[in-house]
Every structure is written in C-alpha cells, then in structure tokens.
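> Sequence first, then the predicted structure:
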Amino acid sequence: MMFLVPNSTEGCSMGLFGEKCEFCRKNKTKRKNELGQYICADCELEQKADSEEKRKCPVDGTQMEKEIIEDIIIDRCPSCKGVFLDAGEIDYLRELFGDSDSSSGFATGLAVGIAAS
C-alpha cells in the first residue's frame with residue numbers, strides 16, 4: 001500500500017478559496033482528511049485507489065491495475081484489457097451520462113470502449 005506524503009505547510013495561511021492540497025500542492029481545497037491535512041478530491045481518490053485490495057483478473061489471473069475514470073476506481077487487467085466494475089458503478093455511469101434506459105446498452109458500450117482503449 002502506498003500513501004502520498006504531504007509537503008510542508010509552514011508559513012502558509014488559508015487563502016480565499018481554501019488551502020493548497022498538502023499532497024499535490026496544485027489544487028485549492030477546504031476539505032481535510034481524517035488526519036486534518038488539506039487534501040483535494042483528486043488526491044483523496046488516488047489514496048482510496050491505492051488502499052483498495054488488489055484483485056486478480058477472473059479471466060487470466062493477472063493482477064489488475066487501478067484506474068480512475070470519472071471519479072470511479074476501475075480495475076483493469078493489463079494482460080487481457082478486461083475492465084471490471086464494483087457494485088453500483090455501472091449505475092453511476094448511467095446517471096453520469098444521462099442514460100436511464102438500461103435497455104440502450106450505453107453503459108455496457110462505454111465499458112467495452114474503455115476496455116478497447
């Protein structure tokens with residue numbers, strides 16, 4: 001498991017739009033993690049992905065890699081390029097792209113398109 005280490009914040013004061021993220025030092029944020037460190041949404045999602053259990057591909061047994069797409073942590077097999085979603089993620093993609101009709105196959109087509117890239 002890998003965690004990002006925050007940069008020093010000595011001498012920094014809260015800006016109008018928040019403090020710089022203590023991990024990437026790029027994004028402004030008012031959000032704090034459980035340790036009270038300023039953390040932007042991107043870094044928080046990266047840390048969550050890093051802390052998730054690594055899974056093996058059900059097709060070929062290769063250890064899958066985590067990818068973040070549209071705020072969803074996707075498991076992708078580097079060997080067969082298969083994409084595997086956790087419970088509820090296909091529904092989130094449907095909502096995100098305005099596809100409430102599950103018979104259209106939009107989210108399924110999206111997942112197949114991700115796998116082909």
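Right, received. Where do you want to start?
> all contacts plus neighbour counts: C-alpha atoms, from now on.
Fine.
> how about stretch 52-62: buried residues?
Buried residues in stretch 52-62, counting neighbours by 16 or more other Cα atoms under 10 Å, are found at Arg55, Cys57.
> What of stretch 73-80?
Applying a neighbour-count criterion of 16+ other Cα under 10 Å, one finds Ile73, Ile74, Asp75, Arg76, Cys77 buried in stretch 73-80.
> what packs against the helix or strand that contains Lys48?
Remark: Lys48 resides in helix 41-51, with elements defined by DSSP states H and E. Helices and strands touching helix 41-51, as assessed by 3 or more Cα pairs under 8 Å, 6 or more residues apart in numbering; DSSP states H and E, comprise strand 65-69.
> Show me what the strand it packs on pairs with in its sheet, parallel or antiparallel.
Here strand 65-69 is paired, per DSSP bridges, with strand 72-76 (antiparallel).
> Could you check the angle the strand it pairs with makes with helix 41-51?
Strand 72-76 and helix 41-51 are oriented at 40 degrees to each other (axes from the mean of the first three to the mean of the last three Cα atoms, to 10 degrees).
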